[in-house]
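Enquirer: need coordinates for the following:
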Amino acid sequence: QFQKTEYVKKEDVIQKINKVVTEVESSELDKIIDLIYKSKKPLYYSLTSDYFLFASEVKSILASGYVKKEINRNSLFEYLCRLSPIYGETLYKGIYELKAGNFIVISCKGKLSQEKYFQLESSWEKNKIKENKKSLAQILKRELSETVKKQMVSDIPVGLFLSAGVDSSLLLKIMNEQQRGNINIFTYRNPSGIDESLISRQCVEKISPWNKHFILSVSLSQYLEHIKKINWYFDCPIAYPSSIPLFFLAKIAKTKGTKVILSGQGADELFLGYDRYLLWAKKLIKEKNKKVWAENFYFGSGINNAGIVEKITGINRETINTSETFKWVLEFWDLPPLKRMAIYDQKFRLNGLLKRDDCMGMSAGVECRVPFLDKEFLNLINSIPDSYKMNKLKRKIILKEIAREALPTGAYQEKKHGSPSELEAWLKTPRFLFSLKNLSNKKNSFTKSYLNFKSVDQIFKSHENTQKFSFLCWCIYGLETWYQEEFK
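Expert: Numbering: from 1, shown residues only. As a prediction, the model looks like this:
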């Protein structure tokens, strides 16, 4: 809408795009709508002396031939502590990721900077919540229904990834209110051990028995056969074992003619649903030392591994003092404690999960949409009193109250077990450690090329007897399977 010769402020461009997104439901700008709000797409870029390159996949930038394929050594400490590179970087040297809520500005002289158009930490403050919990629950149900309605706008059938949890079960109920019938539902089941698909089946039978429900099992052999392929799609090591069931679910969805899928991703980060929030609250709520908070957020359950990671990478742990994922806690210390936990995870941990869902969906040509992360709904949830989300014993309080009103008894599971799988069971066996040792012992292994081999070998020996280095072993296994294929 701007004339080619007209000088405009970049902020005006962002506002115009936002206006289009909120006013237009179906037009040639659907791709922009999807890009900004629905699919939460990643964007990677590289700036050389001659070129600015950008793409939704790292492999596209590498294919240009203008960027040399090299390991980003600076990100190894953070990766082995958090299963993620330095925020805004990748495991490839010179290739970066656009930070959430930012846009890139390039000057005429080729200088690049990132500027914010959405401030997660403060955008919620404009909402002034005065309602009591019961009234607020009704408002949230209505707003979530509106969000789902927007996310279901499509010229092709829309499906649902259904787990046994309250989030996706609530979405199914709302989707049926919006569109009775013609909703394909997809669920993963663990073929051995804990199987939550029984609850999912009950959910469909109670809420929408007329819809088709596809339940998929993934065996250990399928996990191991597809790890290299999943690494290729990610352009980095597989971080979450649950990526592989999503890969297969997306393939089945595509064969059933479902190319748009809704999921409950993000609800745990908004409503304080993870076990770690109770642990953090118990450990940190009275803690006044900012650095103690920052270290717990940064390292998570791997806080005791910092010295070991220091030893195997040769990188001093003081490097975290310059990391945005560490400094953020100090910068936004004024946030209330529980809100600090929630927004930290929304900003840094959720990023990896969204990329997982997007990447696994697009591997089959399926678009994954996340209603809970609609911008306005997210701001609303961040603005409600934290006591409505969590207390000393309960999590996701107000969301579960909405579910109890809307869903029949037995349609969801109050306490989920995550995504149990045969792969997670295998990771605790001697066979996994044997496979990991074989990978790291190869002549051109990642361990021998970039880590202290003797120190890593000591970790393996200790883990064999104590089983206390599961996280580090999984990190190294991912790096080896990715590196030995990508850099062979």
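
Enquirer: going forward, measure contacts between C-alpha atoms and count neighbours the same way
Expert: Noted.

Enquirer: which residues in the chain form strands?
Expert: Assigned strands in the chain, in chain order: 44-47, 52-55, 96-97, 102-106, 112-116, 158-161, 185-189, 213-217, 260-262, 367-369 (criterion: DSSP state E).

Enquirer: want to try TSV for those strands, with distance to residue 74 and mean pLDDT as columns?
Expert: Shown next, in TSV, are these (distance: least, Cα to Cα, whole Å; pLDDT from 0 to 100):
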stretch	distance to residue 74	mean pLDDT
strand 44-47	16	94
strand 52-55	21	92
strand 96-97	13	96
strand 102-106	23	86
strand 112-116	20	89
strand 158-161	36	96
strand 185-189	37	94
strand 213-217	39	95
strand 260-262	36	96
strand 367-369	32	94
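
Enquirer: and residue 246, which of those strands is closest to it?
Expert: The closest of those to residue 246 is strand 185-189. By Cα to Cα, the value is 8.0 Å.

Enquirer: between that closest one and strand 213-217, how many degrees?
Expert: Using axes from the mean of the first three to the mean of the last three Cα atoms, to 10 degrees, the direction of strand 185-189 lies 20 degrees away from that of strand 213-217.

Enquirer: by contact count, what packs against strand 185-189?
Expert: Packing partners of strand 185-189 (3 or more Cα pairs under 8 Å, 6 or more residues apart in numbering; DSSP states H and E): strand 158-161, helix 197-207, strand 213-217, helix 243-255.

Enquirer: show me the contact partners of stretch 224-243.
Expert: For stretch 224-243, the external contacting residues (Cα atoms under 8 Å, 6 or more residues apart in numbering) are 57-59, 83, 91, 244, 247, 356-357, 359-360, 363, 419, 421, 423-424, 475, 478-479, 481-483, 485-486.

Enquirer: and the helices and strands packed on strand 185-189, which is most packed in?
Expert: Among the helices and strands packed on strand 185-189, strand 158-161 has the highest mean neighbour count (mean count of other Cα atoms under 10 Å), at a mean of 25.

Enquirer: what stretches of the stretch 151-300 of the chain score poorly on pLDDT?
Expert: For the stretch 151-300 of the chain, applying pLDDT under 70 flags the ranges 180.

Enquirer: adding distance to residue 174, write the helices and strands packed on strand 185-189 out as JSON lines.
Expert: What follows is those, written out as JSON lines (distance: least, Cα to Cα, whole Å):
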{"stretch": "strand 158-161", "distance to residue 174": "11"}
{"stretch": "helix 197-207", "distance to residue 174": "10"}
{"stretch": "strand 213-217", "distance to residue 174": "17"}
{"stretch": "helix 243-255", "distance to residue 174": "20"}
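
Enquirer: minimum distance to residue 173: which of the ones you listed has it?
Expert: With respect to residue 173, and counting by Cα to Cα, the nearest of the helices and strands packed on strand 185-189 is helix 197-207 at 6.4 Å.

Enquirer: and that closest one with strand 213-217, angle?
Expert: Taking the same axes, to 10 degrees, one finds helix 197-207 and strand 213-217 inclined to each other by 180 degrees.

Enquirer: distance between helix 197-207 and the chain's centre?
Expert: 25 Å (Cα atoms, centre = their mean, to the nearest Å).
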